[in-house]
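Q: sequence first, predicted model second:
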Amino acid sequence: MSSAMIGVIGGSGLYAMPDLKNPEEVRLTTPFGDPSDAFIIGELEGRRVAFLPRHGRGHRLNPSEVPARANIYAFKLLGVRALISVSAVGSLREDYAPGHAVIPDQIFDRTKGIRPATFFEGGVVAHVGFDRPFCPNLSNILLHAAQAAGAVVHQGGTLVVMEGPQFSTKAESEENRRRGHSLIGMTALPEAKLAREAEIAYATLAMVTDYDVWHPEHDAVTVEQVIRVLNANVALSQQIVRLAVAQIDENFTSPAHDALRHAIITHPDYIPAAVKERLAPIAGRYWS
Ligand SMILES: CSC[C@H]1O[C@H](OP(=O)(O)O)[C@H](O)[C@@H]1O
Ligand SMILES: Nc1ncnc2[nH]cnc12
């Protein structure tokens, strides 16, 4: 089977990575269903990279429909150890302006609990640490790549993840600001949680597309605006990804790579064989 050490998951407006050399289309299926689309696997800066459009080509999956478990499981099957997520986000603060890049360092969950958010169920229980939801090492690489690419980039900030697909009300947007949140999006969860459970380093390159709906001098966000700003910045985000990939080699390590070490609470003798088999690519090393 094809393999790759680095994964890139493209969000709204980023449905392909034309820079990938010798691209190969790979369709995978998993015990958690089919991923969003076929993976495109190729070389970038001498590294094997697997690209997946989060919403599928043509943007067919809404944020609640994105099959995050299948996506992350499939990245794991491919051997991915570092996963870069590119996301379109709304800004909740004046200084994070449309066109800027942000490397957030926290997440606040405002999804509605309808998205399956763990691999560990049906006879096995795990509680991974999630105090730092993004890998600091990968985030650092993204930050330096964005600076080198000439982006206006901000380090840090809390990304609120809402269910959507409707955008926020003004009251919600103002409340998110009062809580001190910096950005809003719809897809970083459960993706980041599942990547942690799969012991994959995960970080987000957030591309600010709008001021959500709170800003008195800006119109409320629309899809047209999001896509217009993203299209104007697509070459920039691809360059940031390229420069980041160049910095990720076999020596790349992350605290995420050991996330399960003390997390599985179920005694191995009690875990059903079928569950062990289903989760073997993710947790097999802890009970073999
Ligand atoms: C098209 S605007 C809303 C849409 O854009 C973001 O997607 P992604 O994070 O995949 O770039 C946001 O989360 C919503 O899904
Ligand atoms: N204002 C916004 N709210 C939620 N997700 C977004 N993605 C881009 N802009 C957004």
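A: In hand now; what should we look at? Ligands and ions are numbered 1, 2, ... in the order given.
Q: and Trp287, what pLDDT?
A: Looking at Trp287, its pLDDT is 86.
Q: how much space separates it from His127?
A: 16 Å (C-beta to C-beta, to the nearest Å). Glycine gets a C-beta too; all of them are placed from N, C-alpha and C.
Q: and for Leu243?
A: 36 Å.
Q: who's more crowded, these two?
A: Leu243 (18 against 12; other C-beta atoms under 10 Å).
Q: tell me the contacts of that one?
A: By C-beta atoms under 8 Å, 6 or more residues apart in numbering, the contact list for Leu243 reads 144-145, 148-149.
Q: residues touching stretch 56-69, excluding its own?
A: 12, 15-16, 30, 32-37, 54-55, 114-117, 119, 163-165, 186-187, 190-191, 194.
Q: quick one: buried ones out of those?
A: Buried subset of the contacts of stretch 56-69 (neighbour count, 16 or more other C-beta atoms under 10 Å): 12, 15, 30, 32, 35-37, 54-55, 115, 117, 119, 163-164, 186-187, 190-191, 194.
Q: which ones, among those residues, also lie beside ligand 2?
A: For ligand 2, the contacts drawn from the buried ones among the contacts of stretch 56-69 by C-beta under 6 Å from any ligand atom are Met186.
Q: now the helices: where do they sit in the stretch 51-200 of the chain?
A: 68-78, 136-148, 170-178, 188-197 (DSSP state H, counting those that start in this stretch).
Q: what sits against the residue most central in space within the chain?
A: Centroid-nearest residue in the chain: Ser85, 3.6 Å away (criterion: C-alpha atoms, centre = their mean). Contact analysis of Ser85 by C-beta under 8 Å, 6+ apart lists 9, 11, 54, 187-188, 191-192, 202-205.
Q: can you rerun that using 6 Å?
A: 9, 204 (C-beta atoms under 6 Å, 6 or more residues apart in numbering).
Q: now it: how far from ligand 1?
A: For Ser85, the distance to ligand 1 equals 8 Å [C-beta to the nearest ligand atom, to the nearest Å].
Q: so what sits opposite that residue in the bridge?
A: Ile9, Thr204 (DSSP bridges).
Q: what residues does the stretch 1-150 of the chain have near ligand 2?
A: So far as C-beta under 6 Å from any ligand atom goes, the stretch 1-150 of the chain lies against ligand 2 at 88-90.
Q: list of residues touching stretch 245-254?
A: Taking C-beta under 6 Å, 6+ apart as the rule, stretch 245-254 contacts 6, 44-45, 47, 49, 82, 135, 137, 141, 201.
Q: can you pull the contacts of Arg115?
A: Pro190 are the contacts of Arg115 under C-beta under 6 Å, 6+ apart.
Q: repeat that with 10 Å
A: The contact partners of Arg115, by C-beta atoms under 10 Å, 6 or more residues apart in numbering, come to 63-69, 161, 163, 187, 189-191, 193-194.
Q: circling back: which pair in the contacts of Leu243 has the greatest spatial separation?
A: Spatial extent of the contacts of Leu243 (C-beta to C-beta) is set by the pair His144 and Ala149 at 9.6 Å.
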